[in-house]
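1. Could you look at this predicted model? Sequence included:
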Amino acid sequence: MEVWVVGHKAPDTDSICSAIAYAEFCNLLKKYEAIPRRAGEINKETKFVLEKFGFEVPELLEDCSGKNLILVDHNEFSQAINGIEKANILGIIDHHKFNFSYPKPIYILCEPLGSTATIIAKKFFSKSVEVSEDIAGILLSAILSDTVIFKSSTTTEEDIRIAKKLNEVLGIDMMEFGIEMKKVGSEIKDLSNREIILKDFKEFDFKGKKVGIAQVELVDISDLKSKKAELLKEMEKIMEERGYYGLVFMITDIIKEGSLMLCLGCEKEFEKAFEKKLEDGSVWLPNVMSRKKDVVPKLMEAF
């Protein structure tokens, strides 16, 4: 049976690398004829990782109607590929909060870890399936990416343990490689304000209200701080076009380990969630690095 393994429609390194690695895992076990696909355009960081470890960019799956699917790194239909309602979903491997309903039993593996890649690497090890150097490379890259080189609050001891085990195959300096990867991924000089905001963008439903939460991770956020007024204007346009109740933009400083938060529309809920006052639409939040763990749960509670 032919099965497509696919992540969310704003693919990051964890989403793409997890799809490739899990398809390889299924094929090695002869479980399915598994094919990795992507649901959107990849970013610079992911392109760098795939080129470094010798992988082609997975083909774009524009509509999944009637396809057999395994979802990785997401479980919400709002973040899924077009046609998801008409697809045959066989399974989900994820590390996010669950917001999923399906009319029949399926395989679900969800663990509160820093990346989906950690879960998939554990499956390789638990089944004693040999991890090749290229697969180890993309899985380690995905872990380093999603945990922000182990600085994110989502990082667990298990993520670090699995990363070290993968690195036994590679033998690289993980911190040095992680910083190199993040520098490539944080290059935004050729992007418009809209492209910067939509670079890593997810939509959420909070008590029936649609809220967009964007994030960009940078080694130095000074350039974007100086463009705050322009970014807020562009955020307002996106809100109006997409009918959002609110929009939050996390400008995360990897070195200083915090985020400059820009917020429009849902200011009341934001200030309630973080117990901080916004000044001209923004506030600096130390130790806020993860959209998944540091932002979404607090906003959900506030709503």
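-> Happy to help now that I have it. Residues are numbered from 1 along each chain as shown.
2. What segments of this structure are helices?
-> Along the chain, counting by DSSP state H, helices occupy 13-28, 44-52, 116-126, 133-146, 157-170, 174-185, 193-198, 222-225, 228-242, 267-274, 296-302.
3. Put together a markdown table for those helices, with mean neighbour count on each row.
-> Placement of C-beta: from N, CA and C, glycine included. Compiled in a markdown table, those are given as follows (neighbours: other C-beta atoms under 10 Å):
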| stretch | mean neighbour count |
| --- | --- |
| helix 13-28 | 26 |
| helix 44-52 | 19 |
| helix 116-126 | 22 |
| helix 133-146 | 26 |
| helix 157-170 | 17 |
| helix 174-185 | 17 |
| helix 193-198 | 17 |
| helix 222-225 | 13 |
| helix 228-242 | 15 |
| helix 267-274 | 18 |
| helix 296-302 | 17 |
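4. Next up, the contacts around the closest residue to F303 other than its chain neighbours.
-> Leaving aside its sequence neighbours, F303 sits nearest to F206 (C-beta to C-beta, 6 or more residues apart in numbering; 3.9 Å). Going by C-beta atoms under 8 Å, 6 or more residues apart in numbering, F206 touches Y245, E269, L299, M300, F303.
5. Also S101?
-> Per C-beta under 8 Å, 6+ apart, neighbours of S101: none.
6. do V57 as well
-> Here V57 is in contact with I16, R38, I42, K47, L50 (criterion: C-beta under 8 Å, 6+ apart).
7. separation between the residue nearest to D294 when sequence neighbours are not counted and G281?
-> Residue nearest to D294 in three dimensions, not counting chain neighbours: V288, with 4.5 Å by C-beta to C-beta, 6+ apart. With distances taken as C-beta to C-beta, to the nearest Å, V288 is found 16 Å from G281.
8. the more surrounded of these two?
-> Shown here are V288 and G281; by other C-beta atoms under 10 Å, V288 has more neighbours (22 against 18).
9. Can you pull the phi and psi angles for that one?
-> phi -100, psi 110 (degrees, to the nearest 10).
10. Start the count at 533 instead of 1 going forward.
-> Okay, residue one is now 533; in that scheme the one you just asked about reads as V820.
11. Now do the contacts for it.
-> Neighbours of V820 in contact, by C-beta under 8 Å, 6+ apart: M782, T784, G790, S791, M793, D826, V827.
12. can you redo those residues as CSV with pLDDT?
-> Formatted as CSV, those follow (pLDDT from 0 to 100):
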residue, pLDDT
M782, 97
T784, 94
G790, 94
S791, 96
M793, 98
D826, 94
V827, 96
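13. farthest-separated two in these?
-> Longest distance between any two of the contacts of V820 is 12.3 Å, between G790 and V827; criterion C-beta to C-beta.
14. what about those two, which has more around it?
-> Legend: neighbour count by other C-beta under 10 Å for G790 and V827, higher for V827 (23 against 19).
15. give me the low-pLDDT residue ranges for the stretch 533-682 of the chain?
-> In the predicted model of the stretch 533-682 of the chain, no residue satisfies pLDDT under 70.
16. give me that answer again for 90
-> 542, 563-564, 596, 608-617, 629-634 (pLDDT under 90).
17. Is the residue nearest to G775 when sequence neighbours are not counted bridged to anything, and to what?
-> The spatially closest residue to G775, leaving aside those adjacent along the chain, is K742, at 6.6 Å (C-beta to C-beta, 6+ apart). Judged by DSSP bridges, the bridge partners of K742 are D737.
18. picking up where we left off before, quickly note the distance from the residue nearest to F835 to D705.
-> Separation of F738 from D705 (C-beta to C-beta): 41 Å.
19. Could you do T679 as well?
-> On the measure of C-beta to C-beta, T679 and D705 end up 16 Å apart.
20. what about the two, which has more around it?
-> The residue with more neighbours, out of T679 and D705, is T679; 26 against 10, by other C-beta under 10 Å.
21. out of the contacts of F738, which one sits closest to E565?
-> So of these, ranked by how close each gets to E565 (C-beta to C-beta), first place is M832, at 38.6 Å.
22. From one end of stretch 634-653 to the other, what's the distance?
-> 26 Å (C-alpha to C-alpha, to the nearest Å).
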